[in-house]
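Asker: Here you go, sequence then predicted model.
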Amino acid sequence: MEFSRLRQSKLFGRTLREAPADAQTPGHRLMLRAAIARPLASGLYTWLPLGFRVAKKVEQIIREEQDRIGAQEMEMPVLTPAETWKQTGRWDALEPITFRTTDHNGREFMVSYTHEEFVHLHAKQEIQSYRQLPQMVYHFQSKGRDEARPRAGLLRVREFVMKDAYSFDADEAGLEKSYAAQHGAYARTFARMGLDAISVESDTGAMGGDIAHEFQVLTEAGEDRIAICTKCDYKANLEKAARSLRRDGFQVTEGVPAPSEIPTPGTTSIEALQASLKKPAEAFLKTLLLRDASGTVVAVVLPGDRDVNEAKLRKILGTAQVKFANEADFASAGGVPGFVGPVGLRVRTLIDSSADGRAYIAGANKKDAHLRDVVSGRDFKGEEVDVHDVREGDACPRCGGKLEIKRGVEVGNIFAYGTYYSDKMVATFLAEDGTRKPFFGGSYGIGIGRSVQTIIETHRDERGIVWPPQVAPYHAHLIALPVNDEDVRAKAEALLGQLERAGVEVLYDDRDETAGVKFADADLIGIPLRVTVSKRSLKEGAAELKPRSSSDAELVPFDQAAEKIAGIVRSWQK
RNA sequence: CGGGGUGUAGCGCAGCUUGGUAGCGCGUUUGGUUCGGGACCAAAAGGUCGCCGGUUCAAGUCCGGCCACCCCGACCA
């Protein structure tokens, strides 16, 4: 028995002619059909041997690029004790999306959602002096996230391996350097994987104040929306994206009469108002009453054609959650559902920056009535904030060019949070001036499984996957045709031996199948080089060589085939 | 969590309206013929019809409850 070479007849994992009906995105379907991974439960996947090899290659690329910038590999546990999470307040904050358990003594643990707390715990023990800084560590470790809605195969799952790196610096300037080093490492890492990842500005969440970037790969399968300027290099997640506005708002418009009431019975939506008053949506002011996690109510005022961006609002309010106001909230604020307007409301009011100084029609805070000639700054006041969604065609905040909105998959992110965790965990070092100072930290994540499926989403054709050579499960797919012809089989296996001695990773298709089946599977699995040894090729004294990415095959003299293939493989590796 | 959908053989599906012996294609097994783009012939194996309960002489089908999975949204360093 020969176990060192993989024969396809023994491959653990079969290719599927048809994908399960519930697989929706092209990459999800191919991932299942090509036997990359299999579902175990919602959002939980098993890597099959082919996918496992890809995942390990992706990891190795990440490892090499992390090592290159001086990050040190380590490993922290999956199960993490509650006490440490409680120090930063995240035991409670993360409750809805984490898996928890207790040991036999009743001590609580979390399946780690991420590892900032624990890496800080170690940093304060291992790093005592500024002389030991800067430091950067990383590990590949499983994360548990009880996502409300896993989706699209490996793109959003509940357990996945992440490469997470953490930097520790003595000050802000040092952090900026570490951050820049990671930014560069990410660019190289994704390029080596064959991913065309762009760095976009991202929201830092309610906690952080600092800089964050996401690495996004544009594809229809993605769930994030990215605003991209068609003229300059501005790119931002919609959670953060801004737009250029005319700055003539908030001045009392001369000559506009005082607000007056107009009857609008039963007209509670902007659409209904547009229809009955024959005005465009932007002629109206929409006023939303919302409550934050602590129950504090706030009014958000914006033009009728604009939508609230919840991520922006959460950040402004410093809250983890925003919900619609309840009946009691309406009563205390003085609003009437369906007829809420900013004039006379008794509540904190946020005026979106896209509202300008024109005379708007707004709710009258009275059933079946609206007000016309409502002017911001004159008839009502509030804080001016940017809480609206940017949309296709808006003006770029940098250059005024047109923004377009594309879908993307976030394959990695980098986040400079400064002293957020070190303050809470009292993670300090002895500085040059003899005082204790908190670490300036950053964290840097890459999802392995998500990266693998994103590679599939972006490297495929109608027949199957077209792996970038650097991450392909094997370098070459050797096909013997027909395999039960003794001469063919002997020659194919001789070539197999030569290839393996030359360091070429070969998947050998020794199955007694027809040419059609073998070629279709080779196309589906998508190994970069297809090498066919057949009666027909041997008649020419040759093996046939065909790159997956090309439709042209080439006959190579049999005794030169191994060297030629090995040469191609070497050319990928530099 | 809200809305929608689907659970019948390994995969893709039909059957349910109108209750009466559980089917088709692919795959699998055996034998044979084939052998460069998902072959052909013959024979065969494979199903507690998601689970629990109810109605009925009789339930895949009707009724109730539950569960799982998928999609949209919400949520999500």
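Answerer: Right, received. Where do you want to start? Numbering: from 1, shown residues only, chains lettered A, B, ... in the order given.

Asker: Only C-alpha atoms from now on, for both contacts and neighbour counts.
Answerer: OK.

Asker: Give me the local confidence score for A:Thr287.
Answerer: Per-residue confidence (pLDDT) for A:Thr287: 83.

Asker: again with A:Ser4
Answerer: pLDDT at A:Ser4 comes out at 47.

Asker: dump the residue contacts of the closest residue in space to A:Leu371 that isn't next to it in sequence.
Answerer: Excluding the flanking residues, the one nearest A:Leu371 by Cα to Cα, 6 or more residues apart in numbering is A:Glu261, at 4.5 Å. A:Glu261 is in contact with A:Ala364, A:Ala369, A:His370, A:Leu371, A:Arg372, counting by Cα atoms under 8 Å, 6 or more residues apart in numbering.

Asker: Let's see that with 7 Å instead.
Answerer: A:Ala369, A:His370, A:Leu371, A:Arg372 (Cα atoms under 7 Å, 6 or more residues apart in numbering).

Asker: what's the lengthiest strand in chain A in contact with?
Answerer: What stands out as the longest strand in chain A, according to DSSP state E, is strand A:403-418. Outside strand A:403-418, the residues within contact range by Cα under 7 Å, 6+ apart are A:179, A:208-220, A:222-230, A:391-396, A:440-447, A:450-451.

Asker: tell me the SS of the residue lying closest to A:Gly153 once chain neighbours are set aside?
Answerer: Among residues not flanking A:Gly153 along the chain, A:His28 sits closest, at 5.2 Å (Cα to Cα, 6+ apart). What DSSP: H, G, I helix; E, B strand; the rest coil gives for A:His28 is helix.

Asker: how near is A:His28 to A:Leu155?
Answerer: Distance, A:His28 to A:Leu155, by Cα to Cα, to the nearest Å: 8 Å.

Asker: Report the backbone C-alpha coordinates of the helix or strand that the longest strand of chain A is followed by in PDB.
Answerer: Next in sequence after strand A:403-418, counting helices and strands by DSSP states H and E, comes helix A:420-425. This file holds the C-alpha atoms of helix A:420-425, laid out as PDB (Å, rounded to 0.1, in the frame of the first residue of the first chain):
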ATOM      1  CA  TYR A 420      -8.200  50.900  25.000                       C
ATOM      2  CA  TYR A 421      -7.400  47.400  26.300                       C
ATOM      3  CA  SER A 422      -4.200  48.200  28.200                       C
ATOM      4  CA  ASP A 423      -6.000  50.900  30.200                       C
ATOM      5  CA  LYS A 424      -8.800  48.500  31.200                       C
ATOM      6  CA  MET A 425      -6.500  45.700  32.000                       C
END
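
Asker: can you list the residues of the stretch 351-500 of chain A near RNA strand B?
Answerer: A:Asn413, A:Ile414, A:Phe415, A:Ser443, A:Tyr444, A:Gly445, A:Arg463, A:Leu481, A:Pro482, A:Asn484 (Cα under 7 Å from any atom of the strand).

Asker: Quick check: residues of the stretch 101-250 of chain A near RNA strand B?
Answerer: A:Thr114, A:His115, A:Glu116, A:Glu147, A:Ala148, A:Arg149, A:Pro150, A:Arg151, A:Ala152, A:Gly153, A:Thr204, A:Gly205.

Asker: Give me the buried entries from the residues you listed.
Answerer: With burial judged by 16 or more other Cα atoms under 10 Å, the buried subset of these is A:Thr114, A:His115, A:Glu116, A:Glu147, A:Pro150, A:Arg151, A:Ala152, A:Gly153, A:Thr204, A:Gly205.

Asker: looking at it, the first one is touching A:Arg145, isn't it?
Answerer: No. Between A:Thr114 and A:Arg145 there is no contact under Cα atoms under 7 Å: 9.2 Å.

Asker: on that earlier part again, and the contacts of A:Glu261, which two are the farthest apart?
Answerer: A:Ala369 and A:Arg372 (10.0 Å; Cα to Cα).

Asker: Then A:Arg314 would be within a strand, right?
Answerer: No. Counting by three-state DSSP, A:Arg314 falls outside a strand, being helix.

Asker: For burial, what's the neighbour tally of it?
Answerer: 18 (other Cα atoms under 10 Å).

Asker: now do the one 3 residues further on
Answerer: Around A:Leu317 sit 16 other residues, with neighbours defined as other Cα under 10 Å.

Asker: Next, it: phi, psi?
Answerer: phi -80, psi -10 (degrees, to the nearest 10).

Asker: For A:Cys229, which non-adjacent residue is closest in space?
Answerer: A:Leu403 (4.4 Å).

Asker: Same question for A:Trp85.
Answerer: A:Trp91 (4.9 Å).

Asker: While we're on the residue lying closest to A:Ser42 once chain neighbours are set aside, how confident is the model there?
Answerer: Closest residue to A:Ser42 apart from its sequence neighbours, by Cα to Cα, 6+ apart: A:Pro150 at 6.7 Å. Reading off the confidence values, A:Pro150 has pLDDT 89.

Asker: and A:Pro150, how far is that from A:Ala275?
Answerer: 39 Å.

Asker: and the least confident of the buried ones among the residues of the stretch 101-250 of chain A next to RNA strand B?
Answerer: Within these, pLDDT is lowest for A:Gly205, at 56.

Asker: which residues does A:Pro81 form a beta bridge with?
Answerer: Beta-bridge pairing for A:Pro81 (DSSP bridges): A:Phe109.

Asker: who's in contact with it?
Answerer: A:Pro81 touches A:Glu108, A:Phe109, A:Met110, counting by Cα under 7 Å, 6+ apart.
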